[in-house]
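Q: here is my input; please provide its structure:
(one chain, ligands or ions: 1)
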Amino acid sequence: MTRASDFGLIGLAVMGQNLVLNVESRGFQVSVYNRTPAVTDEFVAAHPGKRLVGTPTLEAFVQSLARPRKLMIMVKAGAAVDAVIEQLIPLLEPDDIVIDGGNSLYTDTERRDAWLTAQGLRFIGAGVSGGEEGARKGPAIMPGGPASTWGLMRPIFEAIAAKVDGEPCVMHIGPGGAGHYVKMIHNGIEYGDMQLICEAYAIFKAAGLSTDEMAAVFNRWNEGELQSYLIQITGKALEQRDTETGQPIVELILDQAGQKGTGQWTLLNAAENAVVISTINAAVEARVLSSQKALRVRASTQLQGPSPNISGVDRATLVNQVHEALYASKVVSYAQGLDLMRTMGEKKAWGLDLGGIAAIWRGGCIIRARFLNRITEAYRADPGLQHLMLAPFFVEVLNRAQQPWREVVALAVRHGIAVPAFGASLGYFDSLRSARLPANLLQAQRDFFGAHTYERVDKPAGQWFHTAWPEVIG
Ligand code: 6PG
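A: Down below sits the predicted model:
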């Protein structure tokens, strides 16, 4: 009989397997369980000499763990998580720790937290980002749950997380569903970043850059202010040739984007809280429209517009302008995501440390990027910062970028190139910096048809007026 394991993991899909190997590589003994025992056996057999304990049943799995047990569930988000928990509850003992490491909806996490706590168990809802490679080499981890449980999990989490400047990319996010909530916002921002990059690509393509030329631009950008994992993989993806045809693989991939739902959850949550996340919104909607390929193909033969061929522009100038448009739009997107996190964090009294969250996103996760340092600095300099776009560093970036950003959006509009996320970001920027918006007319309309009343610019706030509008016939 081997000694009891330090950690256990249920669900041996690729993410689960890689997390197990990561935990084991930090000196821990790990028990593993998969619904199909053959998967467990194959996995353990494929890694001889490692501190892995394959268990054929959930009972054996639970029994193999040192108490208080620390076990992570890595199964598909949704009903499967509940099914596993249901089977686990009768097998566990007080104070055992159940961690859900999937992309669960934060409200599900809150429900499970209440459920397990009522059974005398401990629950952590942990967002884990970084894909397969991150799971193996070091992801960013966003655990939510009681601080005391975080204290018990901390050594393992810190050991397996990515490190940036020696700092592990994990922190206690807050109680209950806070961890999965922050992971959801991470994913919303991920959607925004990806769509913005795609719009830059669309403009370059219309300007006649080859995929190799574009790859060179993204590779160069990855050395500067835009340095990030997503820019890096974009450069690599554009370089990649199809083994069969020798053509750039990107040009052979069907333009129909998939999504699993975390972006849509972010939109729903923003709508519920009246927070504007127009860049992320545009990104999610762009995926939706992309998936309606047949409709688009039909519409392309009926709805007219300029053909997306940009000619007569200086390429170097265009590349610089797109850089600025991308950077500024990215700042807007992060600012919106942070605004939503701040709003929800306050509403739920989660005590979110926005600067700390930006810091743990610097490594391991999909949105890891150099500029996150600047976000952390902004919140460290002013913990009460109301809006990221008003932090001195970002004010400067946005003011520097706004003119080329406009040029890019105008160019795209003139040439019929869809840039919903660039456009939405710029629209947000211009709305935010407008001391006066046309909402005066909107108020007039509301008062006209519904006597909703309005305040006046020439009277003290809080006094409400109604106009006797003329009657409209027909
Ligand atoms: C991560 C990713 C990861 C995954 C999501 C998004 O942080 O590692 O966000 O969780 O990519 O499932 O996937 P979709 O693009 O399919 O929604």
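Q: check contacts around the residue of the stretch 51-200 of the chain found nearest the ligand.
A: Residue nearest to the ligand within the stretch 51-200 of the chain: residue 129 (3.0 Å; C-beta to the nearest ligand atom). Quick note: C-beta positions are derived from backbone N, CA and C, even for glycine. By C-beta atoms under 8 Å, 6 or more residues apart in numbering, the contact list for residue 129 reads 139, 140, 141, 142, 183, 186, 364, 365, 366, 367.
Q: what about the closest residue in space to it that isn't next to it in sequence, which SS state?
A: Setting aside the residues directly before and after it, residue 129 is nearest to residue 365 in space (C-beta to C-beta, 6 or more residues apart in numbering), at 3.5 Å. Of the three states, residue 365 takes coil according to DSSP: H, G, I helix; E, B strand; the rest coil.
Q: now the phi/psi pair for residue 365, please.
A: Reported as degrees, to the nearest 10, the phi and psi values for residue 365 are phi -90, psi 170.
Q: got a list of what it touches?
A: Counted by C-beta under 8 Å, 6+ apart, residue 365 has contacts 129, 130, 134, 139, 140, 162, 169, 186, 229.
Q: narrow these to those in helices?
A: When those are checked against helices (DSSP state H), the matches are 134, 186, 229.
Q: how many neighbours does the second one have?
A: Think residue 186. For residue 186, the count of nearby residues is 25 (other C-beta atoms under 10 Å).
Q: likewise residue 300?
A: 10.
Q: you'd agree it is in a helix?
A: Yes - membership of residue 300 in a helix is supported by three-state DSSP.
Q: closest one of the contacts of residue 129 to residue 414?
A: When those are compared for distance to residue 414 (C-beta to C-beta), residue 367 wins out at 31.2 Å.
Q: OK, contacts around the closest one?
A: 129, 186, 189, 190, 193, 228, 229, 230, 361.
Q: shouldn't residue 76 be in contact with residue 102?
A: Yes - Residue 76 is within contact range of residue 102, at 6.9 Å (criterion: C-beta atoms under 8 Å).
Q: which one of these two is surrounded by more residues?
A: residue 102 (25 against 13).
Q: can you tell me the closest non-neighbouring residue to the more buried one?
A: residue 77 (4.5 Å).
Q: near the ligand, which residues of the stretch 301-450 of the chain show up?
A: 365, 366 (C-beta under 6 Å from any ligand atom).
Q: where's the nearest residue to residue 426 once chain neighbours are set aside, which helix or strand?
A: Nearest-residue entry for residue 426: residue 409, 5.3 Å, with adjacent residues in sequence omitted and distances by C-beta to C-beta, 6+ apart. Assigned by DSSP states H and E, residue 409 belongs to helix 392-414.
Q: now swap in residue 109 and tell me
A: With DSSP H and E as the test, residue 109 turns up in helix 106-118.
Q: tell me the mean pLDDT for that helix?
A: Averaging pLDDT along helix 106-118 yields 98.
Q: residues in contact with that helix: which ones?
A: 77-78, 81-82, 85, 89, 98, 100, 104, 122-123, 125, 144-145, 176-181, 184.
Q: low-confidence stretches in this structure?
A: 1 (pLDDT under 70).
Q: domain parsing for it?
A: The chain breaks down by automatic domain parsing into domains covering 7-176, 183-432, 439-474.
Q: quick one on the thing from earlier: ok, now which ones touch the residue nearest to residue 102?
A: 102, 103, 104, 105, 108.
Q: what do you get for residue 170?
A: 140, 141, 142, 143, 157, 158, 161, 360.
Q: return the closest of those with respect to residue 2.
A: For the contacts of residue 170, the nearest to residue 2 is residue 157 (23.7 Å; C-beta to C-beta).
Q: how many residues are close by the residue lying closest to residue 446 once chain neighbours are set aside?
A: Nearest residue to residue 446, sequence neighbours excluded (C-beta to C-beta, 6+ apart): residue 452, at 4.1 Å. For residue 452, the neighbour count with other C-beta under 10 Å is 13.
Q: can you name the two of the contacts of residue 129 that sit furthest apart?
A: 141 and 367 (14.3 Å).
Q: in its sheet, what does the longest strand along the chain sit against?
A: In terms of residue count, the longest strand belonging to the chain (DSSP state E) is strand 122-129. Note on strand 122-129: by DSSP bridges, its sheet partners are strand 97-100 (parallel), strand 140-144 (antiparallel).
Q: apart from its neighbours in sequence, what residue is nearest the residue most central in space within the chain?
A: Nearest residue to the geometric centre of the chain (C-alpha atoms, centre = their mean): residue 187, 1.7 Å. Computed as C-beta to C-beta, 6+ apart, the closest residue to residue 187 that is not its neighbour in sequence is residue 262, at 3.8 Å.
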